[in-house]
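Enquirer: Task: produce atomic coordinates for the following.
(one chain, ligands or ions: 1)
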Amino acid sequence: MSIQLHIHSSREAAVRTVALEMATLIRNKAHAVLGLATGATPIPLYQELVRLHHEEGLSFRQVTTFNLDEYLGLESTHPETYWNFMHRNFFDHIDIPAANIYLPSSHVAESELVSHCLAYEEAIRAAGGIDYQILGIGRTGHIGFNEPGSPADSITRRIHLDAITRQDAASAFGGLEHVPTHAITMGCGTILAARHISLMAFGEGKAEIVRRAVREPVTDQVSASFLQNHPCAHFHLDPASASAL
Ligand code: PGA
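Expert: Model prediction:
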């Protein structure tokens, strides 16, 4: 097993490939289950899926989605919740029923944290497991918010965000002091249970962490390196993010 590398001519080409794979799955499998990601990387993917919905009749009526993660401690009206991100960039523009959309909550009481996370795992299982998981990669090597030290068999849980991750989010929040310190994330084990995984990484800033994830031995210091042990993990790169391979 090893990560299958796809070095595309551009990020647009990468996005078109991934969107087409997702569309083929959705057209061929009733009740397809998608694992979705946030961040800058998947925005053009969602734009392409919205285009396929409007122009080529791709319907999400039978699709169920599970997002990787959510910040903790934000009001539901906060624009940076991943719930709001996903609706703004994707769900508001397609025909997916609200009941089919799952994200961890951004405001869970401490006493309900464990049961909330276990219920998320159970909802994924009850939906039949994730058919197609989209991932980005953070500069810490995180997938979801599985920061360095996350075990390969970890499940959905609260995580303390790495300083680099919080710095990378600072401009979106208008300053580091406004970035949440914690999040809920699917675990590495949750992600690795997906049947097909497509990680997208674009730009020179991702080149070194992509190299470490793909070329260095598997380590819990780079969660994305666990994908080396997955039977169907694909990296979709542009020339810049592939430049250190
Ligand atoms: P980005 O984030 O898409 O905004 O670069 C990726 C990630 O942190 O997983």
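
Enquirer: residues in contact with stretch 210-225?
Expert: Outside stretch 210-225, the residues that touch it by Cβ atoms under 8 Å, 6 or more residues apart in numbering are 3, 5, 135, 137, 140-144, 146-152, 188, 199, 201, 209, 226-229, 235, 237, 241-242, 244-245. All C-beta atoms are positioned from the backbone trio N, CA, C, and that covers glycine.

Enquirer: in this structure, which helix has the most residues?
Expert: Secondary structure of the chain per DSSP state H: the longest helix is helix 11-28.

Enquirer: Met200: what secondary structure?
Expert: strand (DSSP: H, G, I helix; E, B strand; the rest coil).

Enquirer: Quick check: nearest residue in space to it, chain neighbours excluded?
Expert: His236 (4.8 Å; Cβ to Cβ, 6 or more residues apart in numbering).

Enquirer: roughly how far apart are the single nearest residue of the chain relative to the ligand and Arg211?
Expert: Of all residues in the chain, Gly39 sits closest to the ligand, at 2.7 Å by Cβ to the nearest ligand atom. To Arg211, Gly39 is 20 Å away according to Cβ to Cβ, to the nearest Å.

Enquirer: before we move on, what about Val33?
Expert: 31 Å.

Enquirer: Looking at those two now, which is surrounded by more residues?
Expert: Val33 (22 against 15; other Cβ atoms under 10 Å).

Enquirer: For the more buried one, which residues count as its bridge partners?
Expert: Thr64 (DSSP bridges).

Enquirer: The residue lying farthest from the centre of the chain: what secondary structure?
Expert: What lies farthest from the middle of the chain is Ser111; by Cα atoms, centre = their mean that is 26.5 Å. Here Ser111 is recorded as helix under three-state DSSP.

Enquirer: which residues of this structure score low on pLDDT?
Expert: 1 (pLDDT under 70).

Enquirer: what does it put close to the ligand?
Expert: By Cβ under 6 Å from any ligand atom, the residues of the chain that approach the ligand are Gly39, Ala40, Thr41, Gly136, Ile137, Gly138.

Enquirer: Mind checking which of those are buried?
Expert: Gly39, Thr41, Gly136, Ile137, Gly138 (16 or more other Cβ atoms under 10 Å).

Enquirer: wait, which of the residues you listed is closest to Ala98?
Expert: Gly39 (22.8 Å; Cβ to Cβ).

Enquirer: Could you find the closest non-adjacent residue to the residue nearest the centre of the chain?
Expert: Compute the mean C-alpha point of the chain, and by Cα atoms, centre = their mean the closest residue is Ala37, 2.6 Å away. The shortest distance from Ala37 to any non-neighbouring residue, by Cβ to Cβ, 6+ apart, is to Ile134 (4.7 Å).

Enquirer: re earlier: in the longest helix of the chain, which of the residues would be classed as buried?
Expert: Arg11, Ala14, Val15, Arg16, Thr17, Val18, Ala19, Met22, Ala23, Leu25, Ile26.
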